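> Following is a predicted model, sequence given first.
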Amino acid sequence: MNDRTELFTIGQLALRTGLPVRTIRFWSDSGIVPPTGRSVGGYRLYDAEAVARLDLVRTLRELGLDLETVRRLLRGQAAVADVARAHVRALDAEIRTLRLRRAVLRSVAQRGNSTGEMRLVHKLARLSAQERQRIIDDFVDHVFDGIDPEAPGAHIAQGMRQMPAELPEDPTPEQVDAWVELAELVGDRSFRGRVRQMVVAGEQPGEQPGEQPEEQPEEQPQGYDPAQILEHAGGAAAAGVAPESAEGKAILDRIVRPGMPADERIRLADQLDTFTDRRVERYWQLLGVLNGRPEFPASVPAFEWLIAALRAHR
């Protein structure tokens with residue numbers, strides 16, 4: 001009797017294929033590898049084709065295909081190429097998930113997060129792109145509610161929505177941490193209120209968050225150069241020069257004209273203070289990390305120093 005006519009019991013199939021008896025029996029019960037016939041004693045018997053079929057099923061299962069997909073393939077109800085493409089997409093999603101988990105664990109290991117923090121990091125990191133974008137959109141919609149889309153500064157809303165379509169396939173701990181920090185930041189009520197305050201103030205011509213207006217109303221303080229602020233006030237802040245000191249006064253005179261009246265100095269300080277906030281700057285820095293942009297130096301300390309100097313030297 002040759003292989004074409006020889007019939008095998010489940011036990012013999014297990015020996016030939018190396019598969020467990022219980023696996024062959026389960027696949028047989030599922031109709032994936034049906035028996036060729038039965039022995040006089042009622043035992044299931046399989047031919048040589050069943051051996052080849054078992055090898056194919058094992059390969060498909062090892063590739064991760066579920067039994068229903070395997071059944072459809074074997075019945076000719078699905079094309080192998082289509083199934084392969086769908087499976088590639090599923091594997092890509094699984095790989096991204098595994099890489100994200102690795103990034104979360106790496107972040108926790110490096111920063112020594114508590115168990116509660118680890119759960120929070122994992123939960124936030126697992127959000128889909130649409131869910132992450134919805135969190136940011138809800139924040140932007142809230143702070144820009146009722147603002148004229150044509151008002152000065154309204155275009156900033158679009159920039160504040162710029163989340164990446166996906167976290168990188170292999171996110172760094174910094175990117176995972178950036179997303180977690182950003183999610184916590186936009187959920188903070190005081191932060192929302194501060195940004196809203198800036199947005200409402202930015203509706204007025206000549207007052208735009210982070211921008212110097214081309215034409216200022218007559219009542220607004222005149223002429224200051226942001227580059228001079230960053231150079232001189234930023235240098236003073238970094239060097240620890242007290243804004244109220246004589247040295248601070250000399251540095252201030254390089255930024256604004258020495259003869260600027262006291263009321264103009266106070267108005268300029270108030271105007272700058274309206275649009276100077278470390279947390280708002282941090283928002284832009286975090287978006288930059290998530291979008292893979294080059295890091296930019298903090299400018300808020302320079303403006304904080306200038307505001308203090310303007311109020312100290314009237």
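Noted; the coordinates are in hand. Numbers count the residues shown, from 1 in each chain.
> which ones are touching Glu181?
Contacts for Glu181 (C-beta atoms under 8 Å, 6 or more residues apart in numbering) come out as Arg282, Leu286. The way it works is simple: take the backbone N, C-alpha and C, and place the C-beta from them, glycine included.
> Check the one 10 residues further on too.
With C-beta under 8 Å, 6+ apart as the criterion, the residues that contact Phe191 are Leu185, Arg279.
> ok, it to Arg282 distance?
9 Å (C-beta to C-beta, to the nearest Å).
> Contact partners for Ala302?
Ile229, Leu230, Ala233, Gly234, Ala237.
> One more pass at 10 Å, please.
Residues near Ala302 by C-beta atoms under 10 Å, 6 or more residues apart in numbering: 226, 228-238, 255, 276.
> which one of these has the most neighbours?
Neighbours here mean other C-beta atoms under 10 Å. Within the contacts of Ala302, the largest count is held by Ala233, at 27 neighbours.
> returning to that earlier point: shared neighbours of Phe191 and Arg282, anything?
By C-beta under 10 Å, 6+ apart, the residues touching both Phe191 and Arg282 are Leu185.
> After the helix or strand of the chain with the lowest mean pLDDT, heading C-terminal, what element do we hit next?
Using mean pLDDT, DSSP states H and E, the weakest-scoring helix or strand in the chain turns out to be helix 115-125, at a mean of 59. Counting by DSSP states H and E, the next helix or strand C-terminal to helix 115-125 is helix 129-143.
> what packs against that following helix?
Applying 3 or more C-beta pairs under 10 Å, 6 or more residues apart in numbering; DSSP states H and E, we find helix 129-143 packed against helix 115-125, helix 156-160, helix 173-186, helix 189-202, helix 278-290.
> Quick check: which of these has the most neighbours on average?
Mean neighbours per residue, mean count of other C-beta atoms under 10 Å, is largest over the helices and strands packed on helix 129-143 for helix 173-186, with a mean of 19.
> what's the angle between that helix and helix 129-143?
Going by axes from the mean of the first three to the mean of the last three C-alpha atoms, to 10 degrees, helix 173-186 is angled at 40 degrees with respect to helix 129-143.
> Tell me what angle helix 173-186 forms with helix 189-202.
Going by the same axes, to 10 degrees, helix 173-186 makes 80 degrees with helix 189-202.
> Dump the helices and strands packed on helix 129-143 to CSV, plus distance to Thr36.
As requested, the helices and strands packed on helix 129-143 are exported to CSV (distance: least, C-beta to C-beta, whole Å):
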stretch, distance to Thr36
helix 115-125, 50
helix 156-160, 67
helix 173-186, 55
helix 189-202, 71
helix 278-290, 59
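> If anything else comes up later, I'll come back, but that's it for now.
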